[in-house]
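Colleague: Need a 3D model of the following:
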Amino acid sequence: MTDDSRRTGLYDLHVALGARMVPFAGWAMPVQYPTGVMAEHLHTRARAGLFDVSHMGQVLVTPQGGDMAQAALALESLIPADVLGLPQGRQRYGLFTNDQGGIGDDLMFANRGDHFLLVVNAACADKDIAHLQTLEGVTVTPVTDRGLLALQGPQAAGVLARLVPATADMRFMDSQIHVWDGVELWMSRSGYTGEDGFEISVPAADLRRFAQALLDQPEVAPIGLGARDSLRLEAGMPLYGHDMDATVTPAQAALGWSIPKVRRSGGARAGGFPGADAILAELAEGPASVRRGLRPEGRAPIREGVAIFADAEGGEPVGHVSSGGFGPSVNGPVAMACLPTGLPDGATVHAELRGKRIPVAITPLPFITPSYKR
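Modeller: Okay, the predicted model is just below:
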């Protein structure tokens, strides 16, 4: 880990808990705790895991004249989503796109009544903020005085309701402000594990105290980046910089669902975002390749970069693994790759490992059944 890695407000707590710290997107982050990645993964699926995601970028977008519709339309010029139709107190998933039709980043955006709250990826935060600052009629404010936690798992709701009772009534993708011990918490019922859970923005001065209050609950354990990755992989969730990037289109990333009819060809507010012509044409016609799930035979994981072939011998690769590893909940290796759309679910392709090709089944995503609170 380099000395210039930034530290979240929980760095000292991670060290005290025995975490192995690694550099990640310019930050010093816990990759695992003494129990290990597999135990952390299974604990989150069974009980509740606490993740420090304070490295993520939090950004406020406020209309300069107070007109939220104007701010929504400004955001729609960068994000191919229905920002205008998002009710107050709700959150949606969206994408920044580029002029070539690729994905610049993925994000969450919430309507907070008189402004929008955006959460973007750590590695893209500076670029995304600069991108947002090109908009007219809005004020873009990076949030620098708050940390971000994710509490995930089937017992997360019960744990949080013990500390903040009003959260029990939140639905999936609600975004609300609640108070704990005099502290204003910005909460959404969301996460990136496939489990029910919450993401909680906490003032920096109170971050460790609130994190400790959660860890003091018997159901809660600290979880590092290793298990976060295996959890999102089992849930079929793409990771920016791996399963999508500036060269991958929304359709290829299997994220076309995030672009609603109102922004597609023939919709009331069709296009108007970077790369719209290419993106909307591909959505209408269907992409030549798309992100798919893979289940290798045996126990050996296939990792990012592994070549995928149509046949057991000969030929050129039809794709490469974008994310792969062992799935503790499914007790076997899982992976994702962008593959030709003509290959059906259940078809066998072949991954080349150490000069040998092993059979791999194309499998519907996700690999587990999500348990979001509807």
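Colleague: Quick check, residue 273 in contact with residue 264.
Modeller: No - taking contacts as Cβ atoms under 8 Å, residue 273 lies outside contact range of residue 264: 11.2 Å. To be clear about C-beta, it is placed using only N, CA and C from the backbone, and glycine gets the same treatment.
Colleague: Show me which of those two is the more surrounded one.
Modeller: residue 273 (22 against 18; other Cβ atoms under 10 Å).
Colleague: ok, and the closest non-adjacent residue to that one?
Modeller: Leaving aside its chain neighbours, residue 273 sits nearest to residue 80 (4.6 Å; criterion: Cβ to Cβ, 6 or more residues apart in numbering).
Colleague: how many neighbours does the one you found have?
Modeller: 30.
Colleague: can you check residue 286 too?
Modeller: Using other Cβ under 10 Å: residue 286 sits among 10 other residues.
Colleague: same thing with the one 5 residues further on?
Modeller: Per other Cβ under 10 Å, the neighbour tally for residue 291 reads 23.
Colleague: wait, is it part of a strand?
Modeller: Yes - remark: residue 291 belongs to a strand, assigned using DSSP: H, G, I helix; E, B strand; the rest coil.
Colleague: circling back: ok, the residue nearest to residue 273 touching residue 95?
Modeller: Yes - using Cβ under 8 Å, residue 80 is in contact with residue 95, at 6.4 Å.
Colleague: Now the common contact residues for those two.
Modeller: Common neighbours of residue 80 and residue 95, using Cβ atoms under 8 Å, 6 or more residues apart in numbering, are 250, 258, 259.
Colleague: Can you tell me which of those comes closest to residue 188?
Modeller: residue 258 (16.5 Å; Cβ to Cβ).
Colleague: From residue 93, how far out is the closest one?
Modeller: Look at residue 258 and residue 93: by Cβ to Cβ, to the nearest Å, they are 6 Å apart.
Colleague: Could I get the full set of helices for the stretch 1-150 of the chain?
Modeller: 11-16, 37-46, 68-76, 125-132 (DSSP state H, counting those that start in this stretch).
Colleague: okay if I get the ones you listed as TSV plus mean neighbour count, distance to residue 268 and mean pLDDT?
Modeller: Below are the helices of the stretch 1-150 of the chain laid out as TSV (neighbours: other Cβ atoms under 10 Å; distance: least, Cβ to Cβ, whole Å; pLDDT from 0 to 100):
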stretch	mean neighbour count	distance to residue 268	mean pLDDT
helix 11-16	16	47	98
helix 37-46	21	41	98
helix 68-76	19	11	98
helix 125-132	17	24	98
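Colleague: For the ones you listed, could you give me a markdown table that also reports distance to residue 161?
Modeller: Output for those, formatted as a markdown table (distance: least, Cβ to Cβ, whole Å):
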| stretch | distance to residue 161 |
| --- | --- |
| helix 11-16 | 23 |
| helix 37-46 | 18 |
| helix 68-76 | 30 |
| helix 125-132 | 31 |
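Colleague: nearest to residue 354, of these?
Modeller: Comparing the helices of the stretch 1-150 of the chain by Cβ to Cβ, helix 37-46 comes nearest, at 23.2 Å.
Colleague: Could you look up the SS state of the residue nearest the centre of the chain?
Modeller: The C-alpha lying nearest the average C-alpha coordinate of the chain belongs to residue 192 (Cα atoms, centre = their mean; 5.1 Å). Here residue 192 is coil, with the state taken from three-state DSSP.
Colleague: Between the two ends of stretch 224-244, how far is it?
Modeller: End-to-end distance for stretch 224-244: 22 Å, by Cα to Cα, to the nearest Å.
Colleague: Which positions in that stretch come out as buried?
Modeller: Across stretch 224-244, burial judged by 16 or more other Cβ atoms under 10 Å covers 224-240, 242-244.
Colleague: can you check stretch 321-332 too?
Modeller: In stretch 321-332, counting by 16+ other Cβ under 10 Å, buried: 321, 322, 323, 324, 325, 326, 327, 328, 329, 332.
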